[in-house]
Structures are given as C-alpha cells and as structure tokens.
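> I would like to see how this sequence folds:
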Amino acid sequence: MARAGARARVAALVRRLAPGGSAAAQVDAAHALHCLCFDERRVREYVRACGGIAALVGLLAPGGPPAVLEQAAAALACLCHMDTQNQDSMRECGGVAALVALLAPGGSADVQTQAAAALANLCMGSAESQNADSQDAVRECGGVAALVALLAPGAAPAVRARAAAALGNLGIMNAGCQDSVRAAGGVAALVALLAPGGTDAVHEHAAAALGNLCFESIENKDCVREAGGVPALVGLLAPGRSDAVREHAAGALCEACTDNPRNQDRVRACGGVAALVHLLAPGRAAAAQERAAAALATLCTDNARNGKSVRECGGVAALVGLLARGGPDDVCGMASSALQSLCCEDSEQGEGGARDVAGRAAGAQWLCGCARAGRAGAAGAVH
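Residues are numbered from 1 along each chain as shown. Prediction:
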C-alpha cells in the first residue's frame, strides 16, 4: 500500500509539470519531486517510469521562468545521482543539450549552479561503473567550453564550484574529455581557482577535478605543473583547511606525480613532503590520511631524493604510527605502500634506516589485523 501510494503521488506531481500549467505549480511539483527522490532509489524509479524525467527536461527551455528552470534542473540533478538508468534516460530525452544551454552567459547564477550540478551528476556514473556515453554527450554538445567559461573570475562561488565538479566528473577515466578540458583552458582555469581567498567548496571541487583530469594523462600532469598547480595544491594542505580540501589536494598531488618525476621534484621543492607528513599525525581525518599516504608512496617511487626528504621529515615514523594505531584498512594499506616505496629507495641498511623501521612496521600491521579479527592471544607470539 505504501508503494502504491508513493507511486500515485509521483504520478500526480509529474502531471503538474505538463506544459501550459502555472509556473508556481511547476516549481512546487519539481521541488516536491526533488525532495521525494533524495536518497530514495525506489522513488527515482517511479519518477522515470511515470515520464517525470522527460517532463522535467521539457521545462528547461531557455527563456523560461528562472524559478522553474532552477527547480527542474535541481530535480534532475537529484534523479541522476549515482543512477545510470536515470542518467541514460535524461541523455536520451535531450537533457544534455538543454542543460548545456542553461550555462550560457547572462543567465541566472542559481540556474547555472543547478544546471552544472545536474551535468556533474550525469557524468558521475555509479559506484559500479562510469557513464562514458553521458560524458561524451556533454563534450559533443559544447559542454566543456561552457563549463570552463563559468570558472572565470566574477562568477558566483557556487557556480564555479559546481562547474569545477562537472569538469572533474567529465574527466573520470575518459581520455577524450580530459584532452578537451585541457584544450579549452580548463586545467589552467581550475588551477586559478586554488588561489587564496576562494571558498572551501571551490577549492575542494577544483582540487578533485584536477586529480581526475591527471589520471593517466601525461599532458594534463605537465599542464598542472606549468600552470603553477603544484605549489597551489601544496598550499591547500596547510593546517586550518577543511578535511575535504586537504583530502582532495593530497589526492590531486598523488595523481599529478604518478610517473612524473618533474612533478615529484616540484612537490619536494615547495615543501609538499613535510605538509603531507603532517597530515599523518593522530587526529587527522582518515580520508585525508589515506590520500596523504598514497601521495607519499607516489613521491618516493623511483625518486631517492624524495625518499630521503620523507625520512628527514619524520615520515617513516608517522607511517609506522598509522599502522600501529590500527586505523581503517584503506589507510593502513596506503601507509604500507608508502613504506614499501621508501624501502625500495632507501640506501641505509642499518638500524634506523627505512627498511629497518618498516620491518618493525610489518609487525605493527600484523598486530592491527589480529586486533580486527579478535585474535588477542596472538600478540604474545610477536617478538
């Protein structure tokens, strides 16, 4: 009965979206659908089955009432979040072109914010897979250039944050979109967003976008460095920044430095090693520590000077401490990887060298595993 009632309510709201209705009724119906769909996969399925996605896309015509455009785009953003079926449905009924059109200069900032958010979610895919068809559709509709234009100085912070998020999601494992963003000046524009004075949301989404755009892209990694992105990302690791900003800055540095010795050296030169090691201290957010450990592992890969810098900054002890404290599996796994990278580059074989300390860390990691498994008696077997 509850399911039947929910479906009937969704169908009634979708009918209120029909052309010819009052703008107030359309705004209320779109907003109600947005609220009903939040974290409710079954309701999102009902909206799709009742034709709600096509009806919402039909409200996106340029020149329509701004409140209608804003609420329709916001509802589409919610419907597409981590839902590939709804993403495909929106793309197939012309939603990509309609949303890109709303990004045009001179439009309402609130409308642009929600349109960019919808494009970001459209390109995100799901936890199981990316949505390359949607990413490519946004690129083919001119969405890359339109989103990059929204990063310009003077745009509202919310607009810039959502545009950055959309560009980042376009770059998730999609080489064609990564290249298009770079060609449109998007990498340099995202680096510019990292400058002091921006909001945490802008810095977070810009850093995350750069990480996605650098994934397996030599050209984008070099572009980040040439645009001044390395010291800008290191600056976001400073104490006082939000956990999310520091997490994504460390993640972007990790991607930018993978298989890129020049970026590895640049991070060391601008104090990035010490800043990453500082993130490993007790009390820091687990997600930020995981990214910091991953970045240190990447920095030390085939780079003896960075390995030495990590040791001199107390990085070995900090990584061992992560293992000894028995944090989340992902954090301990990255700490272990970083210690392995240090060992490969360490020329000190005696007591106190990275290999010696990391050898003791292996015992600490084993103890963490024992504790998780409830094998308290196994501790007595470690010498």
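> nearest residue to M124 other than its sequence neighbours?
Nearest non-adjacent residue to M124, counting by C-beta to C-beta, 6 or more residues apart in numbering: N169, 4.9 Å away. All C-beta atoms are positioned from the backbone trio N, CA, C, and that covers glycine.
> any idea how far V277 is from H248?
When distance is defined by C-beta to C-beta, to the nearest Å, H248 is 18 Å away from V277.
> have a look at the two and say which one is more surrounded.
Shown here are H248 and V277; by other C-beta atoms under 10 Å, H248 has more neighbours (27 against 23).
> pretty sure the more buried one contacts A201?
No - the pair H248 / A201 is not scored as a contact, 11.1 Å apart, by C-beta atoms under 8 Å.
> what do those two both touch?
Listed contacts common to H248 and A201 are nil; contacts here mean C-beta atoms under 8 Å, 6 or more residues apart in numbering.
> where does the stretch 201-350 of the chain dip in pLDDT?
Judged by pLDDT under 70, the stretch 201-350 of the chain has its weakly predicted residues at 345-350.
> can you do 50?
348-350 (pLDDT under 50).
> what's the closest non-adjacent residue to the spatially most central residue of the chain?
Taking C-alpha atoms, centre = their mean as the criterion, A208 is the residue nearest the geometric centre of the chain, at 4.2 Å. Distance criterion C-beta to C-beta, 6+ apart; nearest residue to A208, sequence neighbours excluded, is H248 at 4.2 Å.
> okay, the one you found and G198: tell me how far apart.
Applying C-beta to C-beta to H248 and G198 gives a distance of 13 Å.
> how about P282?
For P282, the distance to G198 - C-beta to C-beta - is 29 Å.
> ditto for I172
23 Å.
> repeat for V267
Relative to G198, and taking C-beta to C-beta, V267 is found at 21 Å.
> so which helix or strand takes in the residue nearest to the centre of the chain?
In the assignment (DSSP states H and E), A208 maps to helix 200-214.
> please enumerate residues in contact with the next helix or strand after that helix?
Toward the C-terminus, helix 200-214 is succeeded by helix 218-226 as the next helix or strand (DSSP H and E). Contact partners of helix 218-226, identified using C-beta under 8 Å, 6+ apart, comprise 178-179, 181-182, 187-188, 191, 210, 213-214, 230, 252, 255-260, 262-263, 266.
> inside helices: which ones of the residues you listed?
178-179, 181-182, 187-188, 191, 210, 213-214, 230, 252, 255-257, 262-263, 266 (DSSP state H).
> looking at V267 and G198, which one has more neighbours?
The neighbour count for V267 versus G198, taken as other C-beta under 10 Å, is higher for V267 (30 against 18).
> quick one: contacts for that one?
Counted by C-beta under 8 Å, 6+ apart, V267 has contacts V230, V234, L253, C257, V273, A295, L299, N306.
> and what of T84?
T84 neighbours (C-beta under 8 Å, 6+ apart): G125, S126, S129, N131.
> then R41?
D83.
> any idea how far A49 is from it?
In terms of C-beta to C-beta, R41 sits 13 Å off from A49.
> again with H248
Distance from H248 to A49, by C-beta to C-beta: 36 Å.
> what of A288?
41 Å.
> likewise A166?
27 Å.
> same question, L119
L119 is 24 Å from A49, by C-beta to C-beta.
> for A165, same thing?
Applying C-beta to C-beta to A165 and A49 gives a distance of 28 Å.
> helices along the stretch 1-150 of the chain, start to end?
Remark: helices assigned in the stretch 1-150 of the chain by DSSP state H, counting those that start in this stretch are 2-15, 23-37, 41-49, 52-58, 66-80, 84-92, 95-101, 109-122, 132-140, 143-149.
> buried ones in the third one, by neighbour count?
When you say that, I think you mean helix 41-49. Buried residues in helix 41-49, counted by 16 or more other C-beta atoms under 10 Å: V43, R44, E45, Y46, V47, R48.
> could you do the second one as well?
Buried residues in helix 23-37, counting neighbours by 16+ other C-beta under 10 Å, are found at Q26, V27, A29, A30, H31, A32, L33, H34, L36, C37.
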